[in-house]
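A.B. asks: Next comes the sequence, and after it the predicted model I'd like to discuss.
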Amino acid sequence: MRVSTKLFIYCISILLFVGSISAMLFFGYKTFYIVPDTSKAENYSYHFALVAEETENNYWRLVEKGAKRAAAEKDIYLEYIAPSKADNDQLLKLFDRMIAAKVDGIIVQGIEGERFVDLVHKGVERNIPVITIDTDVPSERKAYVGTDNFYAGQLAGRYIIENTKGEQHVGVIVGRFEAINQQERLAGFKDAIKAHPRIQIAKIKESNITEIGATQATYVMMKQHPEINALLGLSALDGLGMVEGIQQIFPTKDVLITSFDILPETMKLIREGKIDATIAQYPEEMGSMAVDVLIDLQNRDLVDNKIYTKTEIIEKADLQVKPEVAR
Ligand code: BGC
């Protein structure tokens, strides 16, 4: 082989070698180097977290909507997180993760048990103000924003007392037995009817905060207790399920139906006369107020730390005069 040919081959090999090393370094860098996503939180004055009961639940989506609106107005980054299906254990893990992430404030649904109380303590110890929303829990939380759940249960009792005559056998559906707000609503309801022996609870069942759960609960309850002539649902999707459940088992029976919340689907059933009344809560308002309270808490503690949002009975007749619920 001629010297010039040898030289040519050497040069090509060196070029190929250098080329492949450069390519390896370049693509290796692209593959393994993850750019930290600091853009979201860094451009904002504060980073707050809203830890909800269940991601896609329409009630919680409204809480999120209100919170995000208030946050956007004040240049705050609001992170919405929740278990995909209601689950206390998952919620506690997400709560803990937000504490570890050192956010500037946490809005969280209150959960029964010591682990929740301990986590609130942990957050507060690290100077992260924690407030409860929708459900309160005695703890070091800085404030509660939401419905007075005992009172809301009393309202439901009052509605049944005032709108019925004679014996009432009430089938009650609760979202989750372990949810404190459901326990409080039930306690409020029992308190209201205790002086009215003609009104008795026939059966209490759980819906798992799903429409299908409420449908099944209604079906089974009405089958086992055909004397039931009033139904009460204590969480947001129970009304829809109760209507469906009756439709399946006693489509022509006259049952007084009292539901909870004013989600659009529930309001439609009120307009159609399929639900008699609902106990309104205002989740969007809860979300926006909670953000305002967290902002306040960045500088000082609050004196009045139980902030109740509006709760009221809504019937078909009210829809003319209350356009805010007649969606
Ligand atoms: C309750 C929430 C619950 C929701 C379920 C509402 O009435 O306040 O705690 O997550 O119903 O759909």
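C.D. replies: All right, it came through fine.

A.B. asks: going forward, measure contacts between C-alpha atoms and count neighbours the same way
C.D. replies: Noted.

A.B. asks: mind checking which helix or strand the closest residue to Arg115 other than its chain neighbours is in?
C.D. replies: Nearest residue to Arg115 in three dimensions, chain neighbours excluded: Leu92, at 7.6 Å (CA to CA, 6 or more residues apart in numbering). Leu92 is part of helix 88-100 when elements are defined by DSSP states H and E.

A.B. asks: buried ones in that helix?
C.D. replies: Using 16 or more other CA atoms under 10 Å as the test for burial, helix 88-100 gives Asn88, Leu91, Leu92, Leu94, Phe95, Asp96, Met98, Ile99.

A.B. asks: Now the two most distant members of those residues.
C.D. replies: The span of the buried residues of helix 88-100, defined through CA to CA, is set by Asn88 and Ile99 at 16.6 Å.

A.B. asks: if we can go back for a sec, can you tell me how far the residue nearest to Arg115 sits from Leu302?
C.D. replies: For Leu92, the distance to Leu302 equals 25 Å [CA to CA, to the nearest Å].

A.B. asks: related to what we said a few turns ago, now, which of the buried residues of helix 88-100 sits nearest Ile270?
C.D. replies: Asn88 (31.9 Å).

A.B. asks: picking that back up, check what pLDDT the residue nearest to Arg115 gets.
C.D. replies: Leu92 carries a pLDDT value of 98.

A.B. asks: swap in Gln320?
C.D. replies: Per the predicted model, pLDDT is 77 at Gln320.

A.B. asks: Paired strands for the following helix or strand past the helix holding Leu92, with orientation please.
C.D. replies: Next along the chain after helix 88-100, taking DSSP H and E as the criterion, comes strand 105-109. Using DSSP bridges, the strands paired with strand 105-109 are strand 46-51 (parallel), strand 130-133 (parallel).

A.B. asks: Quick check: mean pLDDT of whichever helix or strand comes after strand 105-109?
C.D. replies: Using DSSP H and E, the helix or strand that follows strand 105-109 in sequence is helix 114-125. Per-residue pLDDT values over helix 114-125 give a mean of 98.

A.B. asks: For helix 114-125, what is the distance to the chain centroid?
C.D. replies: Relative to its chain's centre, helix 114-125 lies at 20 Å (CA atoms, centre = their mean, to the nearest Å).

A.B. asks: Break this protein down into its domains, please.
C.D. replies: With domains defined by automatic domain parsing, the chain comprises 38-147+283-310, 149-282+315-326.

A.B. asks: which bits of the stretch 101-250 of the chain sit near the ligand?
C.D. replies: Asp134, Ile209, Ser235, Ala236, Leu237 (CA under 6 Å from any ligand atom).

A.B. asks: helix, strand or coil for the fourth one?
C.D. replies: Assigned state for Ala236: coil (three-state reduction, DSSP: H, G, I helix; E, B strand; the rest coil).

A.B. asks: can you pull the contacts of it?
C.D. replies: Shown in contact with Ala236 (CA atoms under 8 Å, 6 or more residues apart in numbering): Tyr59, Ile209, Ser259, Phe260, Asp261, Ile262, Leu263.

A.B. asks: Which residue ranges of the stretch 51-200 of the chain form helices?
C.D. replies: Here the stretch 51-200 of the chain has its helices, by DSSP state H, counting those that start in this stretch, at 58-73, 88-100, 114-125, 149-162, 180-193.

A.B. asks: So which of these is nearest Ile295?
C.D. replies: helix 58-73 (9.5 Å).

A.B. asks: Quick one: list the elements packing against the closest one.
C.D. replies: strand 76-81, helix 283-297 (3 or more CA pairs under 8 Å, 6 or more residues apart in numbering; DSSP states H and E).

A.B. asks: My reading is that Ala317 lies in a helix. Confirm?
C.D. replies: Yes. Using three-state DSSP, the assignment for Ala317 is a helix.

A.B. asks: Find me the pLDDT at it, would you?
C.D. replies: 89.

A.B. asks: One more: Ile21?
C.D. replies: Looking at Ile21, its pLDDT is 65.

A.B. asks: Then the one 10 residues further on?
C.D. replies: In the prediction, the pLDDT value recorded for Thr31 is 41.

A.B. asks: Ala67 now?
C.D. replies: pLDDT, the model's per-residue confidence, is 98 for Ala67.

A.B. asks: let's have the chain start at 5 instead
C.D. replies: Sure thing, new numbering starts at 5, so read that last one as Ala71.
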